[in-house]
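Enquirer: Kindly generate the corresponding structure for this input.
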Amino acid sequence: MKLISVLSSLVLGVATLSAALPAADYGQSTTTKGCTKPMIRKDWRTLSQKQKINYLDAVKCLMHTPGKKTGIVSRFEDFLTEHQEKTAMVHFNAVFLPWHRLLLYEMERVLRSECGYRGAIPYWDMKQDVADFLASPVLNGRVSFGGNGLPSPDALPPYNTTAGGAITDGWFAGELIHVGIGNDTSPALRNITRNISQHYASAWLTQKQEDTVLSETDFGEFTLSLEGRLQLDPVKYAEIWGVHAGGHRAVGGDMQNAWSSPSDPLFYLHHANLDRIWATWQAANPEDRQWQMMGPIAPRAPFLGTWPYTPPAGNVTLDYVLDLGELGGDRLNVRVARVMDTSGSMPEDDEDEALLCYLYDQLA
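Expert: Below is the predicted model:
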């Protein structure tokens, strides 16, 4: 698979940082029973024009705010490189959903505290656009994420060579990424690329596929179904991408790269929707599912590279510690239990403090 970056001589600007918002505005998780003032994550298409501009401006602000990780140009790329560095450790295992939930939490917090965003991360309910994916309001109009990229002769079927290069419309046209593709975090200069695929949208983003995921009765099968069973056996389960990988491949370009997919701001809307599907599954049987965690620590398949150390044996439990490396520091070395309930409760008799405080406007 080849991705094409279009180099530019534009120089990164530096945005003025917004004043931090009061903590109470974000929501507080202080009791075992739940939090107060939860944020409400909403479908992108339901946001007002003003709310959409506020979100897009905040993301662009991160692209033009100096990074805090060593050697990283922008705050946006702090998050991108953390995903690049952790990809092999947080995919194809039980860590996949809780780790990405933690990453979204931190992105949401930083958007609000450093770039003046006043809402919660929106989600993209892709199944609503499955009939004509390229016509989605997420991808069209001035106040949008933009559509297809420029033609790319290296695009491989089922992608079209009429797209796959740099995006040229929407809020992020012309924006630059300053690290490499894949797991290459060294300095580079490239544009955000995209190659929309109706093929993958029609195959994996339907109501039927989502219902299949939600019909699973234990977390192990649920996360496998959501992330894609191809990881179990690339021959037996060839092209069984699941809603997660199917969404990445439907957007194409940067999004189809397992490591560097957060180069495209659409990454966060897609993963917010996957998190919403998990929250929906939990809410369907909360007594059994709210704290249900099972599955291996080590990846089920080695497709995404090796760990920097030998993966621990055994299964992920509520006591397994997640981390965001240099992005989150010690503050975000948190037990899985702390991110299991978006509304901020903890298991009975657990004296730790929950981290999250948000709900979705509607479940899947």
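Enquirer: Quick check: mean pLDDT of whichever helix or strand residue 110 is part of?
Expert: Applying DSSP states H and E as the criterion places residue 110 in helix 96-115. In this model, helix 96-115 has an average pLDDT of 98.
Enquirer: cool, stretch 303-322 as well?
Expert: Mean pLDDT, stretch 303-322: 92.
Enquirer: Could you list the buried residues of that stretch?
Expert: 304, 316, 318, 320, 322 (16 or more other Cβ atoms under 10 Å). (Glycine included, C-beta is placed from N, CA and C.)
Enquirer: Could you export those residues as CSV, including secondary structure?
Expert: Below are the buried residues of stretch 303-322 laid out as CSV (DSSP: H, G, I helix; E, B strand; the rest coil):
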residue, secondary structure
304, coil
316, coil
318, coil
320, coil
322, strand
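Enquirer: farthest-separated two in these?
Expert: Farthest pair in these (Cβ to Cβ) is 304 and 318. Separation: 24.9 Å.
Enquirer: neighbours around the residue lying closest to residue 68 once chain neighbours are set aside, how many?
Expert: Sequence neighbours aside, residue 78 is the residue nearest to residue 68 in space, at 5.9 Å (criterion: Cβ to Cβ, 6 or more residues apart in numbering). Neighbourhood size, residue 78 [other Cβ atoms under 10 Å]: 24.
Enquirer: quick one, what contacts residue 78?
Expert: Taking Cβ atoms under 8 Å, 6 or more residues apart in numbering as the contact definition, residue 78 lies against 67, 68, 69, 72, 326, 327.
Enquirer: swap in residue 359?
Expert: Residue 359 touches 38, 39, 40, 41, 342, 343, counting by Cβ under 8 Å, 6+ apart.
Enquirer: So which of these are in strands?
Expert: 39, 40, 41 (DSSP state E).
Enquirer: What separation do you get for the second one and residue 98?
Expert: Which is residue 40. 21 Å (Cβ to Cβ, to the nearest Å).
Enquirer: These two: who's more crowded?
Expert: residue 98 (25 against 11).
Enquirer: May I have the residues that are in contact with the more buried one?
Expert: Neighbouring residues of residue 98 by Cβ under 8 Å, 6+ apart: 293, 316, 322, 336, 339, 340.
Enquirer: for those, which one is nearest residue 287?
Expert: Of the contacts of residue 98, the one sitting nearest to residue 287 (Cβ to Cβ) turns out to be residue 340, at 13.5 Å.
Enquirer: Model confidence at the closest one, what's the number?
Expert: On the pLDDT scale, residue 340 is placed at 98.
Enquirer: Spatially nearest residue to it, not counting backbone neighbours?
Expert: residue 291 (5.7 Å).
Enquirer: For residue 334, see how far away the one you found is.
Expert: 15 Å.
Enquirer: And for residue 275?
Expert: 16 Å.
Enquirer: How about residue 360?
Expert: From residue 360 to residue 334 the distance is 21 Å (Cβ to Cβ).
Enquirer: again with residue 214
Expert: Residue 214 is 27 Å from residue 334, by Cβ to Cβ.
Enquirer: So for the two, which residue has more residues nearby?
Expert: Neighbour totals were compared for residue 214 and residue 334, and residue 334 leads with 22 against 17 (other Cβ under 10 Å).
Enquirer: Phi, psi for that one please.
Expert: phi -130, psi 150 (degrees, to the nearest 10).
Enquirer: Now for it: which residues touch it?
Expert: 102, 321, 322, 323, 355.
Enquirer: Now those in CSV, please, with extra columns for distance to residue 171.
Expert: Putting the contacts of residue 334 into CSV (distance: Cβ to Cβ, whole Å) gives the following:
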residue, distance to residue 171
102, 26
321, 36
322, 31
323, 31
355, 30
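Enquirer: of all these, which comes closest to residue 308?
Expert: Relative to residue 308, the closest of the contacts of residue 334 is residue 323; by Cβ to Cβ it sits at 12.6 Å.
Enquirer: show me what contacts that closest one?
Expert: Residue 323 touches 332, 333, 334, counting by Cβ under 8 Å, 6+ apart.
Enquirer: Let's see that with 6 Å instead.
Expert: Shown in contact with residue 323 (Cβ atoms under 6 Å, 6 or more residues apart in numbering): residue 333.
Enquirer: For residue 334, see how far away it is.
Expert: From residue 323 across to residue 334, the span is 8 Å (Cβ to Cβ).
Enquirer: before we move on, back to that, tell me the buried residues within the contacts of residue 359.
Expert: 38, 39, 41, 342, 343.
Enquirer: among those, which two are most distant?
Expert: Every pair of the buried ones among the contacts of residue 359 checked by Cβ to Cβ; the farthest is 41 and 343, at 11.9 Å.
Enquirer: ok, back up a step: now render the ones in strands among the contacts of residue 359 as JSON lines, adding distance to residue 50.
Expert: Shown next, in JSON lines, are these (distance: Cβ to Cβ, whole Å):
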{"residue": "39", "distance to residue 50": "17"}
{"residue": "40", "distance to residue 50": "16"}
{"residue": "41", "distance to residue 50": "17"}
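Enquirer: of all those residues, which comes closest to residue 144?
Expert: Checking the ones in strands among the contacts of residue 359 against residue 144 by Cβ to Cβ gives residue 41 as the nearest, at 18.6 Å.
Enquirer: In this structure the closest one contacts residue 120, no?
Expert: Yes: look at residue 41 against residue 120 with Cβ atoms under 6 Å: they come within range, at 4.3 Å.
Enquirer: any common contacting residues for the two?
Expert: Contacts common to residue 41 and residue 120, judged by Cβ under 6 Å, 6+ apart, are residue 358.
Enquirer: Tell me which helix or strand in the protein has the weakest average pLDDT.
Expert: When the helices and strands of the chain are scored by mean pLDDT, DSSP states H and E, helix 23-26 comes last with a mean of 40.
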